[in-house]
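Asker: Build me a model:
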Amino acid sequence: MSAPFLRRAAPRLLAQAAQRSAFHTTRAAFIKVGDPLPGLAVLHEGSPGNAVNLAEEAATRNKMIILGVPAAFSPGCSSKHIPSFIQHPKTKEYDEVAVISVNDAFVMKAWGQTLDPTGELGIRFLADPTGQYTKALDMAFDGSAIFGGDRSKRYTLLVEGGKVTSVNVEPDNTGTNVSLADKVLG
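Answerer: Numbering: from 1, shown residues only. From the prediction side, this is the model:
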């Protein structure tokens, strides 16, 4: 190519490149206060055949707590995060408490039976087997080193009238500093 051609073509090529970049997709942002929950029926409760759509359910509930955890049966989840809500008196003010983890429905069912053997607490343990729901919230992280694959960050969402009213995400993905009941519910 000759220099005169490049001088003539450069502005047009730069304009085309800029135009193409205007259509790029950007990384999804964390779900934020005021957002509705993702309207996906990809969560499972109890078995793979029992799909759950939390957005639809949120429309019929006044107040919900959604707990995202990195792994069922892990120490931080089983001994701190979930028990903090089981024991907190303000949890009773919510119509529904749901725990979501990137696990299969059978693991989540077994974990729920371990933490609430009688089922009296009414906490739902929902599987996100492909991580699709977690990714829609922008709460996934690469947990390969510890958990073998993508997992959910530890978080707590408060939902009222179908809209998120509070988002509490652990800055290191797995800690228990900002998502426990005493920090979220007061």
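Asker: Could you use CA atoms for every contact and neighbour count after this?
Answerer: OK.
Asker: Neighbours of Ile123, how many?
Answerer: Neighbourhood size, Ile123 [other CA atoms under 10 Å]: 19.
Asker: Would you agree it is in contact with Val99?
Answerer: Yes: at 7.3 Å, Ile123 counts as touching Val99 under the criterion of CA atoms under 8 Å.
Asker: Now Gly39: closest residue in space, sequence neighbours ignored.
Answerer: Ala55 (5.0 Å; CA to CA, 6 or more residues apart in numbering).
Asker: Assign His44 to one of the three secondary structure states.
Answerer: strand (DSSP: H, G, I helix; E, B strand; the rest coil).
Asker: residue closest to the middle of this protein?
Answerer: By CA atoms, centre = their mean, the chain has its centre lying nearest to Thr134, at 3.9 Å.
Asker: in which helix or strand would I find that residue?
Answerer: helix 132-136 (DSSP states H and E).
Asker: tell me what the following helix or strand past that helix is packed against?
Answerer: Under the assignment DSSP H and E, the closest C-terminal helix or strand after helix 132-136 is strand 140-142. Other helices and strands packing on strand 140-142, by 3 or more CA pairs under 8 Å, 6 or more residues apart in numbering; DSSP states H and E, are strand 150-152.
Asker: Counting by contacts, list what whichever helix or strand comes after the strand it packs on packs against.
Answerer: Next in sequence after strand 150-152, counting helices and strands by DSSP H and E, comes strand 155-160. Using 3+ CA pairs under 8 Å, 6+ apart, the elements in contact with strand 155-160 are strand 63-69, strand 163-169.
Asker: Pick the most buried one from these.
Answerer: Per-stretch averages of neighbours, counted by mean count of other CA atoms under 10 Å, single out strand 63-69 among the helices and strands packed on strand 155-160, with a mean of 24.
Asker: ok and that one relative to strand 163-169, angle-wise?
Answerer: Between the axis of strand 63-69 and that of strand 163-169 there is an angle of 30 degrees, by axes from the mean of the first three to the mean of the last three CA atoms, to 10 degrees.
Asker: Can you name the element that comes right after strand 63-69?
Answerer: helix 75-76.
Asker: Point out where this protein drops to low pLDDT.
Answerer: 1-29 (pLDDT under 70).
Asker: Repeat the analysis, applying 50 as the threshold.
Answerer: Counting by pLDDT under 50, the chain shows low-confidence ranges at 5-6, 10, 13-28.
Asker: Could you give the separation between the terminal residues of stretch 138-150?
Answerer: 12 Å (CA to CA, to the nearest Å).
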